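Peer 1: pasting the structure only:
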């Protein structure tokens, strides 16, 4: 599986400056392949899972073990990154999106 903690590094927006206006904007390039789901797991979940396997080695000996905690599309990950890092809440509770553009790039064969 892919570690969930790696998603931001993989999708990190690039800061682009418009030469004409000098305005800065962030662009996140999102590779898409339809609605393909990726297997992912947090590093924080891995340790306890492996410890449990070692503690119960008699049960798991000789078996292949899949360790996955979530199945997500890259578009879902991009939306979560946008919500967490690029949305602001005003004092009156109004939620504003930051200046983040998503550029989707198809990777379909």
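Peer 2: That came through, no problem. Just so you know, these numbers come straight off a predicted model, no measurement behind them.

Peer 1: Kindly confirm whether my reading is correct that residue 106 touches residue 29.
Peer 2: No - under the criterion of Cβ atoms under 8 Å, residue 106 is not in contact with residue 29, lying 11.6 Å apart. From N, CA and C alone the C-beta is placed, and that goes for glycine too.

Peer 1: Those two: who's more crowded?
Peer 2: The residue with more neighbours, out of residue 106 and residue 29, is residue 29; 15 against 9, by other Cβ atoms under 10 Å.

Peer 1: For residue 77, give me its contacts.
Peer 2: 7, 11 (Cβ atoms under 8 Å, 6 or more residues apart in numbering).

Peer 1: Look at it and tell me its secondary structure.
Peer 2: helix (DSSP: H, G, I helix; E, B strand; the rest coil).

Peer 1: Would you check how far apart it and residue 18 are?
Peer 2: Remark: distance between residue 77 and residue 18 (Cβ to Cβ, to the nearest Å) = 27 Å.

Peer 1: For stretch 8-24, measure first residue to last.
Peer 2: End-to-end distance for stretch 8-24: 20 Å, by Cα to Cα, to the nearest Å.

Peer 1: now swap in stretch 5-13 and tell me
Peer 2: End-to-end distance of stretch 5-13 (Cα to Cα): 16 Å.

Peer 1: How far off centre is that stretch?
Peer 2: 6 Å (Cα atoms, centre = their mean, to the nearest Å).

Peer 1: got the buried residues for that stretch?
Peer 2: Neighbour-count burial for stretch 5-13 flags 7, 11, 13 (criterion: 16 or more other Cβ atoms under 10 Å).

Peer 1: What of stretch 67-79?
Peer 2: Neighbour counts using 16+ other Cβ under 10 Å place 72, 73, 74, 75, 77, 78 of stretch 67-79 among the buried residues.
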